[in-house]
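>>> this one's sequence-less:
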């Protein structure tokens, strides 16, 4: 008898004290609740537990374990690999947990696990404060934070995990723990980059910094025929940028479907200094689009949202590059010329400053060298184009693979498997396995970029 067939009696028992919503197949709202951001993922959970607080999460974990149901955890549901849902199991859905509290005097912000970056920024920017978030504002704070957190402020203020002060987390055995440097420090170290392997994080406390409400940001776009020149300029100009500026470059499609080469940036300091820092980018070549200048920080964080619509079909490949060489640039441009989807992109993210200066062992996130992260972003609208979309991403990765450095960013991984997960953590992986064995020895939380508990691999 499978777990789903045992649900009715257990649901009745769980529902007596559950403050949230329990949604199953056939219930109103089930079809919407089971969907994640990536339309390529189509799974049907046996039940979705839409929690309102940590105790709801405790009850949902206990219910899943007593009914032998796999557990998926949903925050913002943006994970490209579809880890936020599961066929026939239980989804612990945090999307109703939207509380945000900002302490402007202490420069701290606490938010529950269902908050998105748009929602968090709206509250913190009321006080001209922010922490490093993602570059798409509909992304959930939970997944981005737990995987590391590249974002517009990382040059000056580090990654999201570098600004994490504490978490509240529900562990596999049903405990509600507060983890920080001085309390459950091993667990706090692990959640700063180790993903959802150690429990369900129900709230996050962040260090905030004076940012905005207006920054220097936006992007410029050039004709695709100049893509090689634009990317070489981007590589060269990033070598000397101040920490206040974070810059990405990409190969994208314009509204009319034409291919473009773009440079986008955010300077989080003084507006005059931002204008000076952006001047070389604005004056390079003859851009066909220039919307670079003063912009609200909330608008900056939503700058790319339209390019990532919910329900589009996605398949990504990503890796850090050893260098952004002329050969790597030429190869990326040639690969992008072959894409047939007007929604697909290739991006290069510059990692430098504070993000690259934190010691490797300080957090679980190990990628602390200055350089570039490559994202091959294959996206399409129609299921009939799936084979072509997958093939382009795979062929592009094969062509770009000779330029890869060791290590990958787990938040961008699709279906690479356990060997890539291990390589993504590098020297920190053994310690992560030990921590996993302490807090989740049975690997209850395995629908993620999974870290195998040390004892389960049969090693001492």
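In hand now; what should we look at? Treat the numbers as computed from the prediction; the structure is a model and nothing was measured.
>>> which residues of the stretch 1-150 of the chain fall in strands?
Applying DSSP state E, counting those that start in this stretch to the stretch 1-150 of the chain gives strands spanning 21-23, 47-50, 71-74, 90-93, 100-103, 108-112, 129-130.
>>> in CSV, list those along with distance to residue 212 and mean neighbour count.
Yep, even glycine has a C-beta here, placed from its N, CA and C like the rest. Formatted as CSV, the strands of the stretch 1-150 of the chain follow (distance: least, C-beta to C-beta, whole Å; neighbours: other C-beta atoms under 10 Å):
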stretch, distance to residue 212, mean neighbour count
strand 21-23, 35, 19
strand 47-50, 33, 26
strand 71-74, 30, 27
strand 90-93, 31, 28
strand 100-103, 14, 16
strand 108-112, 14, 22
strand 129-130, 6, 27
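>>> out of the ones you listed, the one nearest residue 379 is which?
strand 71-74 (20.9 Å; C-beta to C-beta).
>>> before we move on, back to that, pipe the strands of the stretch 1-150 of the chain into CSV and attach distance to residue 367 and mean pLDDT per row.
Shown next, in CSV, are the strands of the stretch 1-150 of the chain (distance: least, C-beta to C-beta, whole Å; pLDDT from 0 to 100):
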stretch, distance to residue 367, mean pLDDT
strand 21-23, 38, 93
strand 47-50, 34, 96
strand 71-74, 24, 96
strand 90-93, 29, 97
strand 100-103, 29, 98
strand 108-112, 25, 98
strand 129-130, 22, 98
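>>> same list (those) but as JSON lines, adding distance to residue 199.
Putting those into JSON lines (distance: least, C-beta to C-beta, whole Å) gives the following:
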{"stretch": "strand 21-23", "distance to residue 199": "21"}
{"stretch": "strand 47-50", "distance to residue 199": "15"}
{"stretch": "strand 71-74", "distance to residue 199": "9"}
{"stretch": "strand 90-93", "distance to residue 199": "11"}
{"stretch": "strand 100-103", "distance to residue 199": "21"}
{"stretch": "strand 108-112", "distance to residue 199": "15"}
{"stretch": "strand 129-130", "distance to residue 199": "27"}
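>>> after the lengthiest helix in the chain comes which helix or strand?
Scanning the chain for the helix with the most residues, using DSSP state H, yields helix 386-400. Sequence-wise, the next helix or strand downstream of helix 386-400 (DSSP states H and E) is helix 418-425.
>>> next helix or strand past that next one?
Past helix 418-425, the next helix or strand by DSSP H and E is helix 429-439.
>>> could you check the angle helix 418-425 makes with that following helix?
110 degrees (axes from the mean of the first three to the mean of the last three C-alpha atoms, to 10 degrees).
>>> other SSEs contacting helix 429-439?
helix 185-191 (3 or more C-beta pairs under 8 Å, 6 or more residues apart in numbering; DSSP states H and E).
>>> rounded mean pLDDT for the helix or strand following the helix it packs on, please.
Next along the chain after helix 185-191, taking DSSP H and E as the criterion, comes strand 200-207. Confidence for strand 200-207, expressed as mean pLDDT, is 98.
>>> show me how far the helix or strand following strand 200-207 is from its chain's centre.
Sequence order places strand 209-210 as the next helix or strand after strand 200-207, per DSSP H and E. Centre-to-centre, strand 209-210 and its host chain are 22 Å apart (C-alpha atoms, centre = their mean, to the nearest Å).
>>> and the angle from the helix or strand residue 346 falls within to helix 386-400?
Residue 346 belongs to strand 345-351 when assigned by DSSP H and E. Per the same axes, to 10 degrees, the angle that strand 345-351 makes with helix 386-400 is 40 degrees.
>>> C-terminal to strand 345-351, what's the next element?
Past strand 345-351, the next helix or strand by DSSP H and E is strand 371-380.
>>> for the stretch 51-200 of the chain, give me the ranges with low pLDDT.
Judged by pLDDT under 70, the stretch 51-200 of the chain has no weakly predicted residues.
>>> now the helices for it?
Using DSSP state H, counting those that start in this stretch, the helices of the stretch 51-200 of the chain run over 54-66, 117-124, 141-147, 154-157, 185-191.
>>> I'd like to know which elements the second one is packed against.
With contacts taken as 3+ C-beta pairs under 8 Å, 6+ apart, helix 117-124 sits against strand 100-103, strand 108-112, helix 141-147, helix 297-301.
>>> show me which residues of stretch 320-330 are buried.
Within stretch 320-330, the residues that qualify as buried are 320, 321, 324, 328, 329, counting by 16 or more other C-beta atoms under 10 Å.
>>> for stretch 410-424, same thing?
Result for stretch 410-424 [16+ other C-beta under 10 Å]: buried residues 410, 411, 412, 413, 414, 416, 420, 421, 424.
>>> break this structure into its domains for me.
Domain segmentation of the chain under automatic domain parsing yields 7-93, 100-210, 214-412.
>>> of the ones you listed, which is nearest residue 450?
domain 100-210 (6.6 Å).
>>> what's the first-to-last distance across that closest one?
This stretch, domain 100-210, spans 18 Å end to end (C-alpha to C-alpha, to the nearest Å).
>>> once you drop chain neighbours, what's closest to the residue nearest in space to the middle of the chain?
Of all residues in the chain, the one closest to the mean position by C-alpha atoms, centre = their mean is residue 144, 3.5 Å from it. Spatial nearest neighbour of residue 144, excluding adjacent residues (C-beta to C-beta, 6 or more residues apart in numbering): residue 134 at 4.8 Å.
>>> is it true that the one you found touches residue 116?
No: in terms of C-beta atoms under 8 Å, residue 134 does not count as a neighbour of residue 116; the distance is 9.3 Å.
>>> OK, contacts around the nearest residue to residue 246 once chain neighbours are set aside?
Closest residue to residue 246 apart from its sequence neighbours, by C-beta to C-beta, 6+ apart: residue 155 at 4.6 Å. Residues in contact with residue 155 (C-beta atoms under 8 Å, 6 or more residues apart in numbering) are 241, 242, 243, 244, 245, 246, 350, 352, 353, 354, 355.
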